[in-house]
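Q: Dropping the sequence and predicted coords here.
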Amino acid sequence: MTSAPNDAGPLTPARRLMTLTRMDQTAQRRLPQLPAIVEAWRADGRPGRDDNTPGLILICEHASNALPLDWPELGGDLGISAATRASHAAWDIGALGLSRELAPRLAPQTGGALLIHAPLSRLVYDLNRPPDHAGAIPPRSEVHDIPGNTSLTLEQRLARLDSVYLPFQASVSAEIARLVMRGKRPVIIAMHSFTPVFLGQRREVEFGILFDDDDDIAQHLMLASRGSGLVTRLNEPYTAQSSVAHTTRIHARPMRLHHTMLEIRNDLIADPAGQARIAGILAPLLRSAISEALGNEAPRL
Ligand SMILES: [Zn+2]
């Protein structure tokens, strides 16, 4: 062990305190970088990548209800109950399972498909909200208080931004940029689910198609949905002309990629059988809407 010359001398209580303080500072852990999870399907619908360049990216920002239990610096268990963690407040129930059913059904049409999804609960950081949005790290979600999100310091909020939000967005940007450089114009679809009852109000809509300023896919999808058996609405249960379209705004719009955001009522996709059934209904509608929209290619940059 070495020591600087000015460290020489007896270890007085004051010097001992200084040493301990220094050790505490150096013992601070480097926080993890938590990129998105990326899954791929080949053009023949099997999992994996082939020589084709995928023309479809499904994004599932609310896929997970995992909490950073080993990282109190990122909120740990957030102080929430098991019931809150299992509820729609923590994640989009069924959205990941539905996306995994849809991707292989659509991959043959689009030359392959990617599914990009979140590693942690939206209650740690809502990846579909801009950093200045109050809901990015929500202290309350519908009827659920989130104790671990109240009274956060700026440093604590920045830690979540650095560990969760920025790596996720970098993953999405990288996948899109690689496809665009290879000459592809991938269609971007954000996949979500919503609760049948919100603040005591029952929602009749089953399938919501949200659009912001590019409605090509949305309008084609709405037309194709006639006779699907699903109660389908445009911009319900909420409008995309709000902060809920953050992902498509920052990833699809700058590249002028066709995009839409889908909301499926979560009681329809809560289990694998429901996910497969709804994927079976949505896949032909999406195939039709994607082919119509790609025939009307948006102008490139
Ligand atoms: Zn969602």
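A: Arrived safely, thanks for sending.
Q: Only C-alpha atoms from now on, for both contacts and neighbour counts.
A: OK.
Q: Quick one: the strands in the stretch 51-200 of the chain, in order.
A: Taking DSSP state E, counting those that start in this stretch, the strands of the stretch 51-200 of the chain run over residues 56-60, 113-117, 140-141, 144-145, 187-194, 197-198.
Q: Give me whichever of these is most buried.
A: strand 113-117 (a mean of 27; mean count of other CA atoms under 10 Å).
Q: counting contacts, what elements does that strand pack onto?
A: Secondary-structure packing of strand 113-117 (3 or more CA pairs under 8 Å, 6 or more residues apart in numbering; DSSP states H and E): strand 37-41, strand 56-60, helix 95-110.
Q: circling back: ok, which of the strands of the stretch 51-200 of the chain comes nearest L286?
A: Among these, the nearest to L286 by CA to CA is strand 187-194 (10.0 Å).
Q: How far away from the center of its chain is that closest one?
A: 9 Å (CA atoms, centre = their mean, to the nearest Å).
Q: mean confidence score for it?
A: What strand 187-194 shows for mean pLDDT is 97.
Q: hmm, who's touching it?
A: Contact partners of strand 187-194, identified using CA atoms under 8 Å, 6 or more residues apart in numbering, comprise 55-62, 88, 92-96, 99, 247-248, 252, 257-266, 290.
Q: picking that back up, and the strands of the stretch 51-200 of the chain as JSON lines, adding distance to D50?
A: Below are those laid out as JSON lines (distance: least, CA to CA, whole Å):
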{"stretch": "strand 56-60", "distance to D50": "14"}
{"stretch": "strand 113-117", "distance to D50": "11"}
{"stretch": "strand 140-141", "distance to D50": "41"}
{"stretch": "strand 144-145", "distance to D50": "44"}
{"stretch": "strand 187-194", "distance to D50": "18"}
{"stretch": "strand 197-198", "distance to D50": "42"}
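Q: out of these, nearest to V231?
A: Comparing these under CA to CA, the one sitting nearest is strand 187-194, at 13.8 Å.
Q: Note down every partner strand of that closest one and its orientation.
A: Here strand 187-194 is paired, per DSSP bridges, with strand 56-60 (parallel), strand 259-265 (parallel).
Q: so the longest one versus helix 95-110, what angle?
A: Relative orientation of strand 259-265 versus helix 95-110 (axes from the mean of the first three to the mean of the last three CA atoms, to 10 degrees): 140 degrees.
Q: Kindly report the same for the shortest one.
A: Orientation check (the same axes, to 10 degrees): strand 56-60 against helix 95-110 gives 170 degrees.
Q: Figure out how far strand 56-60 is from the centre of its chain.
A: The answer for strand 56-60 is 9 Å, by CA atoms, centre = their mean.
Q: Could you do the last one as well?
A: Here strand 259-265 is found 12 Å from its chain centre; the criterion is CA atoms, centre = their mean.
Q: who touches that strand?
A: Identification of contacts with strand 259-265 by CA under 8 Å, 6+ apart yields 95, 187-196, 205-212, 214-215, 217-218, 237, 245, 248, 252.
Q: for the stretch 151-300 of the chain, which spans come out with low pLDDT?
A: The model of the stretch 151-300 of the chain has pLDDT under 70 over residues 240-242, 296-300.
Q: quick revisit: I'd like to know which of the strands paired with strand 187-194 lies nearest to R160.
A: strand 56-60 (18.7 Å).
Q: Run the angle between the closest one and strand 113-117 for me.
A: Going by the same axes, to 10 degrees, strand 56-60 makes 20 degrees with strand 113-117.
Q: which residues of this structure fall in helices?
A: 13-27, 82-86, 95-110, 154-160, 166-181, 216-224, 246-251, 272-294 (DSSP state H).
Q: Counting neighbours, which bits of the last one end up buried?
A: Within helix 272-294, the residues that qualify as buried by neighbour count (16 or more other CA atoms under 10 Å) are 274-276, 278-279, 281-290, 293-294.
Q: go on, the shortest one?
A: In terms of neighbour count (16+ other CA under 10 Å), helix 82-86 has its buried residues at T84, R85.
Q: how far out from the middle of the chain is that helix?
A: 19 Å.
Q: State the mean pLDDT of that helix.
A: The model assigns helix 82-86 a mean pLDDT of 96.
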